[in-house]
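Q: need a structure here:
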Amino acid sequence: MALFNQNFLQHDETVFKDELVLDYEYLPHILKFRENQQQHIATIIKPLFAGRMGSNLLITGKPGIGKTAACKHVLREMEQHSEKIIGIYVNCWKQDTAFKVIVDICQQVGYKWVQNKKTNELMDEIAKILNKKAAVIVLDEIDKLKEEQVIYQLVEDISKKCIIMITNEKDFLAILDQRTRSRLIPELLEFNAYKYNEIEAILEERKKFAFYEGVLKEETFAPIVEKCFEEEDIRTGLYLLKEAGNAAENRSSKSISGEDVQKAIGKMAVFQQSKTILDEEEKELLKIIKEHSGESINKIYEIYNEKFSKSDRTFRRKLATLKENKFIEVRDNKELTGETNPRVYLKK
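A: Model prediction:
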């Protein structure tokens with residue numbers, strides 16, 4: 001079989017000028033339409049420059065609307081401006097226990113002797129290093145943290161700091177222990193979804209740097225913008241741009257067609273699953289819903305609680321995660337049937 005005996009584009013004939021700008025982790029030099037939010041973040045950090053205590057901040061909003069990028073942008077500019085403040089970023093989805101968070105911070109501050117040491121011992125070492133200066137600690141996906149004690153430890157043990165927490169859940173503070181809440185007392189900053197014209201401008205800029213001129217025409221670019229606006233997630237647009245470019249190259253074309261874009265849109269289901277990492281309980285809850293699709297929320301909770309013995313609040317948080325990531329839908333049938341208990345359905 002001549003699997004590779006085809007008329008592929010050569011390395012110097014690619015449609016991509018710089019494919020990296022379509023990566024989710026790419027941080028542009030200027031973060032458009034998040035200037036006010038970045039200014040807010042900078043304002044809570046500013047007292048640290050004068051040797052005073054900064055404020056803590058809770059950032060909320062849907063996925064893919066610039067929360068993480070805005071924080072990373074401010075950290076980058078802060079570190080360029082002063083060596084007196086240490087910037088730390090931890091993804092709590094990847095580092096979901098107190099020990100993992102502390103080890104991650106150890107690596108970022110250059111402390112290498114972590115073997116055979118307990119969490120509290122490592123926390124003491126971190127405090128010695130960070131308390132020589134000031135620190136801005138960003139805890140992204142904070143709602144995925146299984147042990148909130150590390151938040152309390154950071155608040156208590158680091159003297160001059162700002163702790164910035166990022167979450168998709170508006171009610172995150174409500175689930176924290178009262179002692180942690182009372183020590184944090186964070187300001188709140190909510191990110192709203194991008195408007196249509198903002199999405200268009202952001203993707204237009206990425207398109208300009210990602211592709212050679214003439215590769216993606218306006219008529220084929222428009223459906224990508226529309227789909228991204230529909231999903232309210234800028235990562236959707238980046239994914240579609242990249243996949244449409246790959247589709248064009250697969251047929252040895254130097255331009256992206258409408259068919260290439262539709263192929264990329266057709267792969268959205270794979271993208272939706274790949275951008276979401278569910279914990280074990282969320283996976284089990286999704287399995288329960290799959291087996292009992294159409295049952296009431298109360299019934300689903302009853303089955304879930306039999307297995308995990310968790311509170312209704314925890315259940316609804318995990319249900320919201322599945323809904324937010326479009327795995328399920330919750331329908332209120334009150335007007336149709338008079339039912340006051342919404343039903344949960346697996347999305348097909």
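Q: what kind of secondary structure is the spatially most central residue of the chain in?
A: Residue closest to the mean C-alpha point of the chain, counted by Cα atoms, centre = their mean, is Pro63 at 5.2 Å. For Pro63, the reduced secondary structure class is coil; criterion used: DSSP: H, G, I helix; E, B strand; the rest coil.
Q: give me every residue that touches it.
A: 168, 233, 235, 275, 324-325 (Cβ atoms under 8 Å, 6 or more residues apart in numbering). For every residue, glycine as well, the C-beta is placed using N, CA and C.
Q: can you put these in JSON lines and add neighbour count?
A: Listed next are those as JSON lines, based on neighbours: other Cβ atoms under 10 Å:
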{"residue": "Asn168", "neighbour count": "21"}
{"residue": "Asp233", "neighbour count": "22"}
{"residue": "Arg235", "neighbour count": "16"}
{"residue": "Lys275", "neighbour count": "15"}
{"residue": "Glu324", "neighbour count": "14"}
{"residue": "Asn325", "neighbour count": "19"}
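Q: Please work out which helix or strand belonging to this structure has the smallest mean pLDDT.
A: The weakest-scoring helix or strand in the chain, judged by mean pLDDT, DSSP states H and E, is helix 334-337 (a mean of 49).
Q: moving C-terminal of it, what's the next helix or strand?
A: Going down the chain from helix 334-337, the next helix or strand is strand 343-346, by DSSP states H and E.
Q: Just the CA atoms of that next one, as PDB, please.
A: Output in PDB follows, covering the C-alpha atoms of strand 343-346 (Å, rounded to 0.1, in the frame of the first residue of the first chain):
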ATOM      1  CA  ARG A 343     -34.900  16.400  34.700                       C
ATOM      2  CA  VAL A 344     -31.400  15.600  33.500                       C
ATOM      3  CA  TYR A 345     -30.600  14.300  30.000                       C
ATOM      4  CA  LEU A 346     -27.400  13.000  28.400                       C
END
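Q: before we move on, could you check phi and psi at the nearest residue to Asp233 once chain neighbours are set aside?
A: Sequence neighbours aside, Gly64 is the residue nearest to Asp233 in space, at 3.2 Å (criterion: Cβ to Cβ, 6 or more residues apart in numbering). Note on Gly64: backbone dihedrals following degrees, to the nearest 10 are phi 70, psi 30.
Q: isn't Gly64 right up against Glu232?
A: Yes. With contact defined as Cβ atoms under 8 Å, Gly64 reaches Glu232; the gap is 7.3 Å.
Q: Among the two, which residue is more densely surrounded?
A: In terms of neighbours (other Cβ atoms under 10 Å), Gly64 is the more surrounded of Gly64 and Glu232; the figures are 22 against 15.
Q: Work out for me the element Ile137 sits within.
A: When elements are assigned from DSSP H and E, Ile137 belongs to strand 134-140.
Q: name the helices or strands packed onto that strand?
A: Here strand 134-140 is seen to pack against helix 35-49, helix 67-81, strand 85-91, strand 161-167 when contacts are counted using 3 or more Cβ pairs under 8 Å, 6 or more residues apart in numbering; DSSP states H and E.
Q: Now find how far off-centre the second one is within its chain.
A: Pointing back at helix 67-81 there. Relative to the centre of its chain, helix 67-81 is centred 16 Å away, using Cα atoms, centre = their mean, to the nearest Å.
Q: same check, this time on the first one
A: Here helix 35-49 is found 21 Å from its chain centre; the criterion is Cα atoms, centre = their mean.
Q: do the third one as well
A: Strand 85-91 has its average C-alpha position 16 Å from the chain's average C-alpha position, going by Cα atoms, centre = their mean.
Q: mean confidence score for stretch 72-87?
A: Summarised as a single mean, pLDDT over stretch 72-87 is 95.
Q: got the buried residues for that stretch?
A: Buried positions in stretch 72-87, judged by neighbour count with 16 or more other Cβ atoms under 10 Å: 72-75, 78, 85-87.
Q: what do you get for stretch 281-290?
A: For stretch 281-290, a neighbour-count test (16+ other Cβ under 10 Å) marks 281-282, 285-286, 288-289 as buried.
Q: next one: stretch 307-323
A: Within stretch 307-323, the residues that count as buried by 16+ other Cβ under 10 Å are 315, 317-322.
Q: Fine, thanks again, bye for now.
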